[in-house]
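Undergrad: starting from these lines, generate the structure:
(2 chains)
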Amino acid sequence: MIKKYIPFFVLALSCCYNASGQTEMDAIMMNKKQMCIGPMYTYSSWDHYWEGKYKRNNQNLGKVSTQSFLLGANYGITDNLNVMVMAPYVWTKASAGTLRGMEGIQDISAFVKYRYIPFKKGNHKVSVFALGGVSAPLTDYVADFLPLSIGMGTTNVTGKLMADYQWKKITVTASAAYIWRSNVDIDRSSYYDTQLRLTNEVKMPDQMQYHIRAGYRGKYLLAEAVFTRMVTMGGNDITKNNMPSLNNRMNASIIGGQFKYHMPFHPNLALTGGVGYTVDGRNVGQTLSISGGIFYFFYFGKRQTPNS
Amino acid sequence: MKKLFFYLSAIAAVFAFGYSCSKNVEYRTQNAPALQPSKNDENAGNWKPVLLTAPDEFAVPAPGATGTPDYIAQINEMKSWQQNMSKADQQSVKYWSAGAVLRWNEILRELVAKFNLPPYQNPDGTYPVPNAANPLAYPYFPFANPPYAARAYAYVSAAQYDALIAAFHYKKLYNRKAPYAVDSSVKTLVPRSDLSSYPSEDAVVAGAASEMMKLLFPGSQDYINKKMEEHVHARMMAGVNVRSDIDAGLALGRAVAQKFIARGRTDRAGAAGGNAAMWKQLEDDCIARGETPWYSLETPKRPPMLPAFGKVKSLLLDSMTLISLRPGPPPSTNSELMGKEIKEIYDIVTKPTREQIAIVHHWADGVGTSTPPGHWNEIAAEDWIKEKYSEPRWARNMALLNIAMMDAAIVCWDTKYFYFNPRPSQMDKNIKTATGVPNFPAYISGHSTFSGAAATILGHILPSRANAYDAMATEASLSRMYGGIHYRSDCEKGLEVGINIGAKAVDRAKIDGAE
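TA: Numbering: from 1, shown residues only, chains lettered A, B, ... in the order given. Down below sits the predicted model:
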């Protein structure tokens, strides 16, 4: 239930940021009339980044860190149709240099997740999912101040297809998403990317996100290894010793792990957590992120096992 | 059936969404109307030039008669192009029709923004210096920082202005009719004018601008040449100039530019970077005066930006006048007043409003932008499109604006290195800034000086906008306090000095023959 296309420069990427369980990233569904709600905290930082494809550090930024605290909720309309909503508060900071970090309420996002089970026999189960989502800034925060802005300022519309295969308690999930991003109005009256643009409107390239996760899905414990590849469909590289800009071609490959654990003595309560590390990128920071959260599950209908 | 209808509606909705969310951006001057001057200024040949000793300092040969086979061949060349115009050709004609000075000013701003990047450090923590003789090797030449840019805008604008004065002198002298006035079957794609067409005013501007810009941005010669060729070709396709009009214009523009280039080689800008001994001397002298000297806040420490730019020769003012414009000293770094000014900045940056940050970023004009002088060129150009000035008046106004801002750069940089006083974040480490701290001393604020000078001359040129320009200059000046990178004294004194410099440009405007 975590905000997804947070700028990599600013925050860790989704999967790292996103701990396990009933999110738009995974194959877990809430049951009918079941709801979960809870906070999550994420800390992410980098001291190296890719200026185009050139990896470097910047002693005038030092370590750039981002903290976020979000609230999310997920509700099962039916066993196969879930809706989820979330919004974070974000802080940024640079450990060196003079630039002041920023903070504020970032974007609200909402997803609808639909499941269809075409095959289920014995220990084998295949599920396919269609997801749609939107996100938009909740405040007039400053986007055009990378890498210290708290968000990208875009309104996003996401379409995603996902497939999940389960054999006993072992699962593999793969998904691909297309993220349409709106243009962003900035405080400057013009800007240069590959040419001089006499406008305050920055044309934002769309993105694709590919995601694979695999691991154990037990009654109480869910533990998975995850890999995410984010690709921006256009945009320019940061030129040498320039500032990053919103419409840079930001790509990243991130590996990580996530877990969710329902307390056996009180399964309504679950702890989640995850780590993620950017192993390769372009125009993004080499982020390491760690997150943890507590979710509480309400059952308005029939009680079922958590990780159905 | 009902289901099918639902799916079709859903697909239609998706397409409708895609259409309404088209991301194409219209740039503000992209569809600027074709320039149709409200006054031709056919006597611009009598205006006072900047460097030319006389409008006929560079000879332009008399054009061939319009009845000759050679001229008819040129008309036919024009017509043949008109018959085979691609969509790109039509767009090119439309683009350039908005005005020669306008479009070359935009190209110049683009090159400044492209090259306004401080060099990345060497592995040993020193910084490489861009080399004009090897512009394509890193660090690229130039680092088009604000003083470099101010000088570039001034030279390019002034060269265009002088070249147009010469062109209008010859237009009147030779009085060659435009192709459409000679041959009524010539189609024109842009507004006609009853001015003489020889030499072409567009080609004069293109020749002067491209020649100057190839010197200032030697790594972009191909791009500049391409623009120049596109420009003159557009004028021939538009049916307003034959090849001999163009060739004479280009040659005249280039000849005038050469005079400015010769001047540029001796205006001391080449030595503005100084050397290690000079940087040390500035620090030692400041300590000897009992003040805290400026230090670079970058890591590794970067040498100060163009410390000898204050010695550069102005295109308008003599060196005694420039020195007389230097203000008195800032508050002593040990004084109570300085303590108060530091505290004021600390308080502002600790709790900035969203509006204050918007102001900081709107006026920051830092790395990768066309610089504060470029921002004022943008403001001026977009206002002047509505004024329908003739090309020589566009050039004259641009020259006045940019000569004033180059003088602002000279006086401001002279002041900065004369006093060498530190930035707020050096005096108080807790002052975190909302924009990058420029790598040169604080007093006086460059943005304030540029803006005071620009608003003053712009308000004289377009009195109906004078109050708006003053308000912008004040906001630009305050933006540096909101950003946490200047004290109040830097900004207020900078604005005042800028206004004094702008007044010198106004004095010049009153006697240049254009009013």
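
Undergrad: need the contact list for the closest residue to residue B:176 other than its chain neighbours.
TA: For residue B:176, ignoring the flanking residues on the chain, the nearest one in space by Cβ to Cβ, 6 or more residues apart in numbering or on different chains is residue B:198 at 3.8 Å. All C-beta atoms are positioned from the backbone trio N, CA, C, and that covers glycine. Contact analysis of residue B:198 by Cβ atoms under 8 Å, 6 or more residues apart in numbering or on different chains lists B:63, B:170-171, B:174, B:176, B:244-245, B:248.

Undergrad: can you give me the strands in the stretch 51-200 of chain A?
TA: A:54-57, A:64-78, A:81-94, A:103-105, A:107-121, A:124-137, A:156-167, A:170-181, A:184-185, A:191-192, A:196-197 (DSSP state E, counting those that start in this stretch).

Undergrad: between these, which one is closest to residue B:353.
TA: Judged by Cβ to Cβ, the one of these that comes nearest to residue B:353 is strand A:103-105, at 12.4 Å.

Undergrad: follow-up on the earlier one: report pLDDT for the residue nearest to residue B:176.
TA: On pLDDT, residue B:198 comes in at 97.

Undergrad: residue B:389 contacts residue B:40, correct?
TA: No: using Cβ atoms under 8 Å as the test, residue B:389 is too far from residue B:40 to be in contact (10.7 Å).

Undergrad: now whichever residue of the stretch 351-500 of chain B sits closest to chain A, nearest residue through space, not along the chain?
TA: The nearest approach of the stretch 351-500 of chain B to chain A comes at residue B:432, 3.5 Å away (Cβ to the nearest Cβ). Excluding its sequence neighbours, the residue lying closest to residue B:432 (Cβ to Cβ, 6+ apart) is residue A:100, at 3.5 Å.

Undergrad: report the angle between the axes of the helix or strand harbouring residue A:294 and strand A:64-78?
TA: Assigned by DSSP states H and E, residue A:294 belongs to strand A:288-299. Between strand A:288-299 and strand A:64-78, the angle comes out at 20 degrees (axes from the mean of the first three to the mean of the last three Cα atoms, to 10 degrees).

Undergrad: ends of stretch B:124-144, how far apart?
TA: Using Cα to Cα, to the nearest Å, the end-to-end distance of stretch B:124-144 comes to 24 Å.

Undergrad: list the strands paired with the lengthiest strand in chain A, with their directions.
TA: In terms of residue count, the longest strand belonging to chain A (DSSP state E) is strand A:266-282. Paired with strand A:266-282 in the same sheet, following DSSP bridges, are strand A:251-263 (antiparallel), strand A:288-299 (antiparallel).

Undergrad: residues touching stretch B:46-59, excluding its own?
TA: B:45, B:158, B:161-162, B:165-166, B:168-170, B:252, B:255-256, B:259-260, B:263, B:315-316, B:392, B:396, B:399, B:403, B:511-514.

Undergrad: CA atoms of that stretch as CSV?
TA: The C-alpha trace of stretch B:46-59 is given here as CSV (Å, rounded to 0.1, in the frame of the first residue of the first chain):
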residue,chain,number,x,y,z
ASN,B,46,21.6,58.3,-39.1
TRP,B,47,21.5,56.8,-35.6
LYS,B,48,24.6,56.9,-33.5
PRO,B,49,26.5,53.7,-33.7
VAL,B,50,28.4,52.0,-30.8
LEU,B,51,31.8,51.3,-32.4
LEU,B,52,31.5,52.3,-36.1
THR,B,53,33.1,55.7,-36.9
ALA,B,54,30.5,56.2,-39.6
PRO,B,55,27.7,54.3,-41.2
ASP,B,56,29.8,53.8,-44.4
GLU,B,57,32.9,52.7,-42.6
PHE,B,58,32.5,49.4,-44.4
ALA,B,59,31.9,49.7,-48.1
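
Undergrad: so for residue B:389 and residue B:40, which sits in the more crowded spot?
TA: Neighbour count, other Cβ atoms under 10 Å in any protein chain shown: between residue B:389 and residue B:40, residue B:389 has more, with 23 against 16.

Undergrad: in which helix or strand would I find the nearest residue to the more buried one once chain neighbours are set aside?
TA: Counting by Cβ to Cβ, 6+ apart, residue B:37 is the residue found nearest to residue B:389 once chain neighbours are left out, at 6.3 Å. Using DSSP H and E, residue B:37 falls within no helix or strand.

Undergrad: tell me if I'm right that residue B:37 and residue B:385 touch.
TA: No: Residue B:37 is beyond contact range of residue B:385, at 11.9 Å (criterion: Cβ under 8 Å).

Undergrad: buried ones in stretch A:285-303?
TA: For stretch A:285-303, the buried set under the neighbour-count rule, 16 or more other Cβ atoms under 10 Å in any protein chain shown, comprises A:285-293, A:295, A:297, A:299.

Undergrad: okay if I get those as JSON lines plus distance to residue B:29 and pLDDT?
TA: JSON lines is the format used below for the buried residues of stretch A:285-303 (distance: Cβ to Cβ, whole Å; pLDDT from 0 to 100):
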{"residue": "A:285", "distance to residue B:29": "36", "pLDDT": "97"}
{"residue": "A:286", "distance to residue B:29": "40", "pLDDT": "97"}
{"residue": "A:287", "distance to residue B:29": "39", "pLDDT": "97"}
{"residue": "A:288", "distance to residue B:29": "45", "pLDDT": "97"}
{"residue": "A:289", "distance to residue B:29": "43", "pLDDT": "96"}
{"residue": "A:290", "distance to residue B:29": "48", "pLDDT": "97"}
{"residue": "A:291", "distance to residue B:29": "47", "pLDDT": "96"}
{"residue": "A:292", "distance to residue B:29": "52", "pLDDT": "96"}
{"residue": "A:293", "distance to residue B:29": "50", "pLDDT": "95"}
{"residue": "A:295", "distance to residue B:29": "53", "pLDDT": "93"}
{"residue": "A:297", "distance to residue B:29": "58", "pLDDT": "92"}
{"residue": "A:299", "distance to residue B:29": "61", "pLDDT": "85"}
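
Undergrad: may I ask which two of the residues you listed are separated the most?
TA: Within those, A:286 and A:299 form the most distant pair, 41.9 Å apart (Cβ to Cβ).

Undergrad: ok now do the nearest residue to residue B:116 once chain neighbours are set aside, which residues does it touch?
TA: Spatially, and ignoring its direct neighbours in sequence, residue B:116 is nearest to residue B:144 (4.5 Å; Cβ to Cβ, 6+ apart). By Cβ under 8 Å, 6+ apart, the contact list for residue B:144 reads B:111-116, B:152, B:217, B:371.

Undergrad: and residue B:144, what are its phi and psi?
TA: The phi/psi pair for residue B:144 (degrees, to the nearest 10) reads phi -80, psi 70.

Undergrad: what about it, distance to residue B:479?
TA: For residue B:144, the distance to residue B:479 equals 21 Å [Cβ to Cβ, to the nearest Å].
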